[in-house]
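Student: Return a 3D structure for these sequence lines:
(one chain, ligands or ions: 3)
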Amino acid sequence: MISQNDRQALSLTDYGWTPYFQSQLDMDDIGTLTPVRITAVHRGHLDAVGPDYAGPIPPFTEDPEDGDAVPTVGDWLLIDPQSKRARRILGRTSLFKRRAAGSGRRTQLIAANVNTLLIVSSCNQDFNVARLERYLALAREAQVTPVIVLTKTDLTDTPQDYARKARGLLPGLLVETVDARDKHSLGGLDPWCATGQTLAVVGSSGVGKSTLTNTLLGTEAIATQGIREDDAKGRHTTTGRALHRLPSGAWLIDTPGMRELQLTDVQDGLDEVFADVVDLAAQCRFADCSHETEPGCAVQEAIDQGRLAPERLKRYRKLVAEERFNSESLAERRARFKAFGKMVKSSMKAKKRRRGDL
Ligand SMILES: Nc1nc2c(ncn2[C@@H]2O[C@H](COP(=O)(O)OP(=O)(O)OP(=O)(O)O)[C@@H](O)[C@H]2O)c(=O)[nH]1
Ligand SMILES: [Mg+2]
Ligand SMILES: [Zn+2]
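Tutor: Numbers count the residues shown, from 1 in each chain. Ligands and ions are numbered 1, 2, ... in the order given. Now for the predicted structure:
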């Protein structure tokens, strides 16, 4: 949290406000509503900050039918200065979301209005190309700059091997190797930490997201696995998301490690991360080529010639299938179940008819 003194000294721009948000205000809003930025989402309230107000505000939804129409960390809201009730969520420059784990398959919003996504992995068994590709698709879809941060360089003799593998994932991809506990190793992140910039830190549990956040904050404000007393393996140390102000003037969102990052609504992002496969597929003889046994398949040809790793095609296929399943709307899913139900019913009827019951 930031102190009262700090808050009064900060302008809207310092909080990350840009002309994009300003342009969404009507003449009627100016002077009657107050912009605030959401720093945390709790069950019963939201935490907000801004030049005119900082503190809790009541929960808010713009449209109960729309999973994107609830405030998330990083959002800008217009509130009534008297009641503190939100009136609107301003249009976002970027939004990260995932399909929540469990059977409900709700969409869970992760963060909004982020400029840079720090994708954290460590130079050990967590390092996993498929997982990085998932996060990259998320960043690309949101049109946010991804930076891969590989932690725990002090625990390996070959940090550059990990970095090389990560750099190979996208042309020009930024990769930093760090000891998250040592601020001197974090200098490479400075360009993304300017005043008013917003960063979000994502990655699996235990890779050092909160450690990195603390080092950037210059405090031990956030509990990390090492410090926690009831340290149990597999448990997540960070359970909520929060927007923190760095001494550099940037804003940073620490997130809990996600055991499962189910992609949703990221088709374009996936196509960008796998542009090599997409480009090859466009050269196949048949427009509906499944890249298996068809003649004139440019994808299989590239695999045969060693220009495309077969695992990469496999990973792409898996993510595309997952994305399609998760992005299916409720109406589409209902229609599919209905069709399935009808099919079951009619085949039961047919069975009964055969048995002479009907
Ligand atoms: N040696 C070493 N240890 C690190 C480094 N980064 C993090 N750690 C340690 O790794 C453990 C996990 O770090 P956290 O920062 O709690 O991990 P997290 O990503 O926030 O985990 P969740 O909150 O569960 O998602 C702690 O014991 C850290 O001290 C690093 O660069 N080098
Ligand atoms: Mg954490
Ligand atoms: Zn093909």
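Student: For Leu118, give its distance to Ala111.
Tutor: According to Cβ to Cβ, to the nearest Å, Leu118 and Ala111 sit 11 Å apart. All C-beta spots, glycine's among them, are computed from the backbone N, C-alpha and C.
Student: Overlap in contacts, the two.
Tutor: Both Leu118 and Ala111 are in contact with Ala200, where contact means Cβ atoms under 8 Å, 6 or more residues apart in numbering.
Student: Could you list the contact residues of this protein toward ligand 1?
Tutor: Selection of the chain residues close to ligand 1 by Cβ under 6 Å from any ligand atom yields 151-152, 154-155, 179-181, 205-211, 224-226, 236-238, 256-257.
Student: I'd like to know which of the residues you listed are part of strands.
Tutor: Secondary structure defined by DSSP state E assigns Thr151 of the residues of the chain next to ligand 1 to strands.
Student: For the residues of the chain next to ligand 1, I'd like a selection string for ChimeraX - just the buried members, please.
Tutor: Only the buried entries of these go into this ChimeraX selection, using 16 or more other Cβ atoms under 10 Å:
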select :151,152,179,180,181,205,206,207,208,209,210,211,224,225,237,238,256,257
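Student: Now intersect the residues of the chain next to ligand 1 with the helices, please.
Tutor: With DSSP state H as the criterion, helices contain 209-211 from among these.
Student: ok, those vs ligand 2, which is closest?
Tutor: Looking at these and their distance to ligand 2, the nearest is Ser210, at 3.2 Å (Cβ to the ion).
Student: correct me, but that closest one touches Ile253?
Tutor: No - in this structure, Ser210 is not within contact of Ile253 by Cβ atoms under 8 Å, at 11.6 Å.
Student: How many residues are close by the closest residue to Arg87 other than its chain neighbours?
Tutor: The shortest distance from Arg87 to any residue other than its chain neighbours is 5.0 Å, reached at Leu78 (Cβ to Cβ, 6 or more residues apart in numbering). Other residues within reach of Leu78, judged by other Cβ atoms under 10 Å, total 19.
Student: Can you show me the CA trace of stretch 12-25 as CSV?
Tutor: What follows is stretch 12-25, C-alpha atoms only, in CSV (Å, rounded to 0.1, in the frame of the first residue of the first chain):
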residue,chain,number,x,y,z
LEU,A,12,-3.4,10.4,-12.5
THR,A,13,-0.5,9.9,-15.0
ASP,A,14,1.6,8.5,-12.2
TYR,A,15,-1.1,5.9,-11.6
GLY,A,16,-0.9,4.8,-15.3
TRP,A,17,-3.7,7.1,-16.7
THR,A,18,-3.3,7.8,-20.4
PRO,A,19,-5.2,9.7,-23.1
TYR,A,20,-6.8,6.4,-23.9
PHE,A,21,-8.7,6.5,-20.6
GLN,A,22,-9.2,10.3,-20.7
SER,A,23,-11.0,9.9,-24.1
GLN,A,24,-13.6,7.7,-22.5
LEU,A,25,-14.9,10.4,-20.2
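Student: Dig out what the residue sitting nearest the centre point of the chain forms beta bridges with.
Tutor: Ranked by distance to the mean C-alpha position of the chain (Cα atoms, centre = their mean), the top residue is Phe96 at 4.0 Å. Following DSSP bridges, Phe96 is listed with bridge partners Ala111.
Student: what does the model give it for pLDDT?
Tutor: If you check Phe96, the pLDDT there is 90.
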